[in-house]
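> Dropping a prediction and its sequence here:
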Amino acid sequence: MNENRKTKVTILTPVHVGNGVNVEPVCYLCKNGVASRYAIEDLLSSLPAEKLLDPANLNRLARGSDSKRDFYSIFNTRSVPEAKPLYCLDWYEPETLQAYLSKSKGNRKAGSLEVAEQVKALNLPIIPGSTLKGAIECAFKYTLLKKNYGKVSKNLLTFCQSVKKTTPSLFYLQLIYGLDQKQASKYDDFVRDLYGCLLVQDLSFRSMELLAVDRYYYDPAKTEYSCGLSEHISSGEVALTEYPFRIDEFRKELLIKKYPMDAIQRELIESFCSKEKLIEAIRTYSTDMIENDDLPPDLDLSGLGKVRMLAEQQNTKKNSFVMRLGQNTTYFFKTVSRLFYLNDREIFEEYFGQVFSPASMKGKNAPDPADFPRTFSFAVTPTDIWATGFVLFEYADTN
């Protein structure tokens, strides 16, 4: 495959990859469908002195009564910062962000919902290569397990019984080849170097949108509630780039020279160090997850019909594939657990807390295998509910 081939990357549904920073809502000034993001120091420097030093505001802050809302109140001014905004996002609500938050669902106080920031480079949104690489590695493990599921099923119970605290990182070697944890750990360095043969670049885009994120229950009798807001790479955004990932043949040759190349190592290299096989793994994983993605009933999710159609086409249209990236996706779409959920349900439920659960089983809100997953997060606008994170990759020069 030509390494210099151009690739068209299309955001099918909004994508959020967080950088771990939560931004105060007052940093977004909304007007005419645009949310302009400012640094808070620029906003403070633009405020009139009498607003900052107003005795009533200072007294409320000193008493500590709903201090965050009172702190926000000092920004209720028509003054516009002289500094330019850091960047701008599309904003679909008919009111300001602060007015929108004052009507937030649930029992949170107005203004308490912060905005999760999208990872960027030079204030332009990106999907980091590390995010893309993690999704590829997950698809690789899933497909390897599915291909060898006859062996996996025979070893699954013994494996689950052996797990003490957390599922080992090389669990798939234990399940496929019948290794115990000590035997599998001997492949730690090899697998790390194997994954190092995959080189993945960042994907850069231009447009973002500021979207609320709501949590929906699978049970339609329960009411959704707000999880805050997130910056998203806009649905419909397109980027043209060099092929986003490749196998470093030099590292592959070093890998072969460095290790003894037993049967397990040879099979892993053959499966992983092939771009064509990785693409097939991605297609298999995406198709299986989309077909079996349990969603709350009666929800009309924007863009999901197109996603499913493109996922079906990718198996015959060999110049494209669909991936799901970023946050606010489902647990099953980030792991290989769906394979066990569908094929060995009794073992999945029995060892859910010990092996398969995404969180600790302690507490009243702990995941329950009998009705798992019970909630789903979606990005929302006045007209859309988005199942976020779907991205289409096409070899642009073969369209």
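Arrived safely, thanks for sending.

> what about the spatially most central residue of the chain, helix or strand, and which?
For the chain, residue 326 is the residue whose C-alpha lies nearest the centre (CA atoms, centre = their mean; 2.0 Å). Under DSSP states H and E, no helix or strand contains residue 326.

> Correct me if wrong: it contacts residue 13.
No - Residue 326 sits out of contact with residue 13 when judged by CB atoms under 8 Å, with a separation of 10.0 Å. Bear in mind the C-beta positions are built from the backbone N, C-alpha and C, glycine included.

> Find the residues that touch each one of these two.
Shared contacts of residue 326 and residue 13, defined by CB atoms under 8 Å, 6 or more residues apart in numbering, are found at 388, 389.

> circling back to that earlier point, any idea how far the residue nearest to the centre of the chain lies from residue 24?
22 Å (CB to CB, to the nearest Å).

> again with residue 292
Residue 292 sits 39 Å away from residue 24, going by CB to CB.

> So for the two, which sits in the more crowded spot?
Neighbour count, other CB atoms under 10 Å: between residue 292 and residue 24, residue 24 has more, with 15 against 12.

> how about the helices in the stretch 251-399 of the chain?
263-272, 275-291, 304-313, 337-343, 345-350 (DSSP state H, counting those that start in this stretch).

> Looking at those helices, spot the one closest to residue 211.
Of all the helices of the stretch 251-399 of the chain, it is helix 304-313 that lies closest to residue 211, at 15.9 Å by CB to CB.

> Would you tell me which helix is longest in the chain?
helix 129-147 (DSSP state H).

> picking up where we left off before, in a markdown table: the helices of the stretch 251-399 of the chain, plus distance to residue 247, mean neighbour count and mean pLDDT.
A markdown table is the format used below for those (distance: least, CB to CB, whole Å; neighbours: other CB atoms under 10 Å; pLDDT from 0 to 100):
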| stretch | distance to residue 247 | mean neighbour count | mean pLDDT |
| --- | --- | --- | --- |
| helix 263-272 | 8 | 15 | 96 |
| helix 275-291 | 6 | 19 | 93 |
| helix 304-313 | 24 | 16 | 90 |
| helix 337-343 | 25 | 19 | 94 |
| helix 345-350 | 34 | 15 | 94 |
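
> okay if I get those helices as TSV plus distance to residue 257?
Below are those laid out as TSV (distance: least, CB to CB, whole Å):
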stretch	distance to residue 257
helix 263-272	12
helix 275-291	22
helix 304-313	39
helix 337-343	34
helix 345-350	40
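
> looking at those helices, which is closest to residue 119?
helix 275-291 (21.6 Å).

> Measure how far that closest one is from the centre of its chain, please.
Distance of helix 275-291 from its chain centroid, counting by CA atoms, centre = their mean, to the nearest Å, is 17 Å.

> go on, stretch 132-144?
From the chain centre to the centre of stretch 132-144 is a distance of 14 Å (CA atoms, centre = their mean).

> who's in contact with that stretch?
172, 176, 195, 198, 200, 203, 244-245, 271-272, 278, 280-282, 284-286, 288, 323-325, 334-336, 339.

> how close does the residue nearest to the centre of the chain sit to residue 260?
In terms of CB to CB, residue 326 sits 39 Å off from residue 260.

> can you check residue 190 too?
10 Å.

> Report the angle between the longest helix of the chain and helix 275-291.
80 degrees (axes from the mean of the first three to the mean of the last three CA atoms, to 10 degrees).

> Next, the angle helix 263-272 makes with helix 129-147.
Using the same axes, to 10 degrees: helix 129-147 against helix 263-272 is 120 degrees.

> Return the set of buried residues in the next helix or strand after helix 129-147.
Counting by DSSP H and E, the next helix or strand C-terminal to helix 129-147 is helix 149-162. Within helix 149-162, the residues that count as buried by 16 or more other CB atoms under 10 Å are 149, 152, 155, 156, 159, 160.

> Got phi/psi on the closest residue to residue 40 other than its chain neighbours?
Sequence neighbours aside, residue 27 is the residue nearest to residue 40 in space, at 5.5 Å (criterion: CB to CB, 6 or more residues apart in numbering). Main-chain dihedrals, residue 27, degrees, to the nearest 10: phi -80, psi -10.

> What is the burial count for residue 27?
21.

> That one and residue 117, how far apart?
In terms of CB to CB, residue 27 sits 10 Å off from residue 117.
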